[in-house]
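pasting a predicted model and its sequence here:
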Amino acid sequence: MKHELKFTLNGQPYEIYIKPKTLLVEVLRDELGFTGTKRGCSSSSCGACTVMLNGASVKSCSILALQANGAEVVTVEGLAKGAELHPLQKAFLDHGAFQCGFCTAGMLMSARGLFEENATPDVMTIKEAIDGNICRCTGYNSIVRALTAVSKGEYKEES
Amino acid sequence: MIKDFEYLAPKTLKDALTLLDKYKDEDHKVIAGGQSLLVLMRQGLVAPQYLIDIKGISELSYIKSDAKEGLKIGALTTHRAVEKSPVMKNGYSVLSEMEKRLASVQTRNWGTIGGNICHGDPAGDPAPVLIALNATLKVAGLKAERTVPAEDFTLDYFETALEPGELLVEIQVPSPRPRTGTAYSKFNIIESDMATVSAAVSVTLKSDNKTCDDVRIVLGAAAPTPRRAKKAEAVLRGKEVTDSLLKEAGNVASTEAEPLSDIAASAEYRQELVKVMVARIGREALARAKKA
């Protein structure tokens, strides 16, 4: 039997009917077409599927979508405002913080979670914040450099 | 591929216990944050007919502490809330340190401390620390409540003392005694991974601040359940704790471990790790006890 799922995605309300076994990542990608969120390991290891759920970063491959009922979800598509990239995205671009790009959406959402808690994290805190996100190209240094630049205030967050 | 199930999402503890009582003889499973369970369901190792989702029961998410009653944590409190709670500074900072080592930020943001304990994985992080802290677990059924010492809760691999129809509702940690220090650490290759071996040690010193009055040594991922190394504890109790005595305790603890070999390490390697971890973490607990 299908159940109703009502939630807010990137500021827009959605109401869909899904099987209870549907995972949040499946709703985002397969039901609603928000394919910025990536499905990597599907076992809570790689972090490519990271999204924000009620203001906290979570792995959308390991959450039943029905557990997001009534929640506010933000995916990587929700970062930019129209054509204006989010400061984190600008920092990633300027520092070349991607090689293949598959981990980028998850990295950005983990970074978003970090900066919501702590506007000026040090390098160690940055590394700890992304330790649930694997970059298979091992491009971690440029990611850490981009986030360090954000931490130093080089990319202002216009809320 | 996850098999289809019927989904029930009670919003109060009473509703949850009523449902659990109704379905206790059926093929059912309780899900909290699901950070461990969904992995097993995806692998087809667990395929319940009914899934009872308790994550939305907000009354089971809280952290309270007072000097007399000690610390009380609602079973559905997230790992992240425990990690970040300022309450942990009142003598429970080892819980915050343990949570910081547990999986990744994302998993801690959604996973619950009670869910972790009920999963019954001997490599889980909270159980060894709670056992070292002499914690008690409050369990509720529709008709009655009972308490189980944390060290008696896990019975075997992925098997707990919960009876059908029961839920873990609260974790109770007594206020630490004076001159008590507790430490926890785990050995793992990847920071966000499970423990290859973990250990929690709690030391209480006598008023001379040297002699061990009481000690609890708990091993994780070294036996079918989190296990107290009682013979190793006996090595330390009543003695002045020195580095060489801690080393001896580690060697004895290793004989009490019954680890498995798996992808992370062989049983023999784990037994060596126990020696090192017990001595190292014991040293940290001792240093903390001297300052407490």
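Sure, I can see it. Residues are numbered from 1 along each chain as shown, chains lettered A, B, ... in the order given.

how many neighbouring residues does the closest residue to B:His79 other than its chain neighbours have?
The shortest distance from B:His79 to any non-neighbouring residue, by C-beta to C-beta, 6 or more residues apart in numbering or on different chains, is to B:Arg108 (3.8 Å). Using the backbone N, CA and C atoms, a C-beta is placed for each residue, glycine as well. A count of neighbours around B:Arg108, defined by other C-beta atoms under 10 Å in any protein chain shown, yields 28.

and the helix or strand hosting B:Arg108, how far out from the chain's middle?
In the assignment (DSSP states H and E), B:Arg108 maps to helix B:105-110. Between the centre of helix B:105-110 and the centre of its chain there are 17 Å (C-alpha atoms, centre = their mean, to the nearest Å).

against which helices or strands is it packed?
Packing partners of helix B:105-110 (3 or more C-beta pairs under 8 Å, 6 or more residues apart in numbering or on different chains; DSSP states H and E): strand A:50-53, strand A:56-59, helix A:104-117, helix B:79-84.

now with 10 Å, please.
Using 3 or more C-beta pairs under 10 Å, 6 or more residues apart in numbering or on different chains; DSSP states H and E, the elements in contact with helix B:105-110 are strand A:50-53, strand A:56-59, helix A:104-117, helix B:79-84, helix B:93-101.

all strands for the stretch 1-150 of chain B, in order.
Remark: strands assigned in the stretch 1-150 of chain B by DSSP state E, counting those that start in this stretch are B:6-8, B:28-31, B:50-53, B:63-66, B:70-74, B:136-140, B:145-149.

for chain A, which spans come out with low pLDDT?
Scanning chain A for pLDDT under 70 picks out the ranges A:157-159.

picking up where we left off before, taking the mean pLDDT, what do you get for the helix holding B:Arg108?
Helix B:105-110 carries an average pLDDT of 98.

about what we covered before: will you turn the helices and strands packed on helix B:105-110 into TSV that also has distance to B:Leu167?
As requested, the helices and strands packed on helix B:105-110 are exported to TSV (distance: least, C-beta to C-beta, whole Å):
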stretch	distance to B:Leu167
strand A:50-53	24
strand A:56-59	23
helix A:104-117	30
helix B:79-84	18
helix B:93-101	21
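
and of the ones you listed, who's closest to B:Ser61?
For those, the distance to B:Ser61 is smallest for helix B:79-84, at 7.3 Å, taking C-beta to C-beta.

circling back to that earlier point, mind putting the helices and strands packed on helix B:105-110 in a markdown table, mean neighbour count and distance to B:Ala289 included?
Listed next are the helices and strands packed on helix B:105-110 as a markdown table, based on neighbours: other C-beta atoms under 10 Å in any protein chain shown; distance: least, C-beta to C-beta, whole Å:
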| stretch | mean neighbour count | distance to B:Ala289 |
| --- | --- | --- |
| strand A:50-53 | 28 | 40 |
| strand A:56-59 | 29 | 35 |
| helix A:104-117 | 24 | 32 |
| helix B:79-84 | 22 | 23 |
| helix B:93-101 | 21 | 12 |
